[in-house]
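Visitor: Sharing a model prediction with you, sequence too.
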Amino acid sequence: MIGFFIQRVLQALMVIVAMSVIVFLGVYAIGNPIDVMIDPASDQALREALIQRYGLDRPLIEQYFVFMGNLLQGDLGESFIYRLPVLNLILSRFPATLELALTAMMIATCLGIPLGLWAGYKPDSLSAKVIMAVSVLGFSVPTFWVGLLLIMTFAVELGWLPSGGRGPVTEVLGMPLSITTLEGWSYIILPAFNLALFKLGLLIRLTRAGTIEVMSSDYVRFARAQGLSEGKVVGLHVLKNISIPIVTVFGLELGSTLAFAVVTETVFNWPGMGKLIIDSITVLDRPVMVAYLILVVFLFVVINLVVDLIYGQLDPRIRVKAAS
């Protein structure tokens, strides 16, 4: 198990280094932030002073190594626009995105797995067909359109829920959270459901396909022949054997939800990292863009590492294959 862990950690480090080069070169090859930061009528002396202050006059490869050296010390630079340390700026928005993403994944998981199990257990029933129709909607309907529809229905027409914002927050272990109060839930439920819709459809279809495949297997027939109840057959045999693809999807979708909640945060004016990166792209705030993308890479790599380790626990054959 230790060798399996070391192998996965080394692979993760190589991916982070490679992606840091791609992200840095890609972002720094786009536009000139000085044109956004100062008035076009400003004199050349001011322009040259700003270029020198932010090190934009250095060769690109030198800027990269300076950035990586600072990164290893926990310094992601200073925002061109906000004039604040980038790490503090991103971390101030991270709790809102994390709370939204975890709530969305909780909704998708708590609804998607039971619905997918039922649709796979009774594939020819009317309820299973309705469930699959809902899952198709989750794939096919654009997120921004669903968000606007939710706002029009529940905020404008019915007036039950607020149309945007985060609402009141409470400090929990130093992290501001809105789900600790009923009023906070009224603000998060619409964006969380909007963000969860695609994940819900994915989990339903994945769980249904796995359930149909496992229900026809020999060990399920043997379990039934032993006289086990249907609840134990599904809970002990079916759910356990479809857990690996579900863990995979959960891990990857959690990473994508954290990284790409941009549309939902923009539609619902949710003050998270997605809203921050959209604003930063608009004004070419390079340090924020680079730091955000590298943070996204780091999150994906860490989540994939955790998923790989969980794989090894769920299926020992994976550990043996990796060791060989």
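Guide: That came in fine, so what should we check first?
Visitor: The closest residue to Phe198 other than its chain neighbours: what's it in contact with?
Guide: Closest residue to Phe198 apart from its sequence neighbours, by C-beta to C-beta, 6 or more residues apart in numbering: Gly138 at 5.4 Å. To be clear about C-beta, it is placed using only N, CA and C from the backbone, and glycine gets the same treatment. Applying C-beta atoms under 8 Å, 6 or more residues apart in numbering to Gly138 gives the contacts Leu197, Phe198, Lys199, Leu200, Gly201, Leu202, Ile204.
Visitor: does Gly138 sit in a helix, a strand or a coil?
Guide: Three-state call for Gly138 (DSSP: H, G, I helix; E, B strand; the rest coil): helix.
Visitor: How about the helix or strand where Ala45 lies, which residues are buried there?
Guide: Assigned by DSSP states H and E, Ala45 belongs to helix 44-53. Going by neighbour count (16 or more other C-beta atoms under 10 Å), the buried part of helix 44-53 is Leu50.
Visitor: gap between the strand or helix carrying Ile189 and the chain center?
Guide: Taking DSSP H and E as the criterion, Ile189 maps to helix 182-215. Average the C-alpha atoms of helix 182-215, do the same for its chain, and the two points are 14 Å apart (C-alpha atoms, centre = their mean, to the nearest Å).
Visitor: hmm, back to that, from the contact counts, what lies against the helix holding Ala45?
Guide: The helices and strands touching helix 44-53, judged by 3 or more C-beta pairs under 8 Å, 6 or more residues apart in numbering; DSSP states H and E, are helix 34-37.
Visitor: so what does the helix holding Ile189 touch, helix or strand wise?
Guide: Checking 3+ C-beta pairs under 8 Å, 6+ apart, helix 182-215 ends up next to helix 86-121, helix 126-140, helix 143-150, helix 243-259, helix 262-267.
Visitor: Quickly, which of those bottoms out on average pLDDT?
Guide: Per-stretch mean pLDDT for the helices and strands packed on helix 182-215 is lowest at helix 243-259 (a mean of 75).
Visitor: shaky segments in the stretch 201-324 of the chain?
Guide: 218-220, 223-224, 226-237, 311-324 (pLDDT under 70).
Visitor: Now with 80, please.
Guide: By pLDDT under 80, the low-scoring segments of the stretch 201-324 of the chain are 213-260, 274-275, 279, 281-286, 296, 299-301, 303-324.
Visitor: thinking again about what came up before, just put the helices and strands packed on helix 182-215 in CSV and tack on distance to Val302.
Guide: Below are those laid out as CSV (distance: least, C-beta to C-beta, whole Å):
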stretch, distance to Val302
helix 86-121, 13
helix 126-140, 27
helix 143-150, 25
helix 243-259, 8
helix 262-267, 20
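Visitor: Can you check which of those gets nearest to Gly167?
Guide: Closest approach to Gly167 among those (C-beta to C-beta): helix 86-121, 10.8 Å.
Visitor: buried set for that closest one?
Guide: Neighbour counts over helix 86-121 (16+ other C-beta under 10 Å) mark 86-87, 89-90, 93-101, 103-105, 107-109, 111-113, 115-121 as buried.
Visitor: which strands and helices sit next to that helix?
Guide: If you count contacts as 3+ C-beta pairs under 8 Å, 6+ apart, helix 86-121 packs onto helix 126-140, strand 175-177, helix 182-215, helix 243-259, helix 262-267, helix 273-282, helix 286-314.
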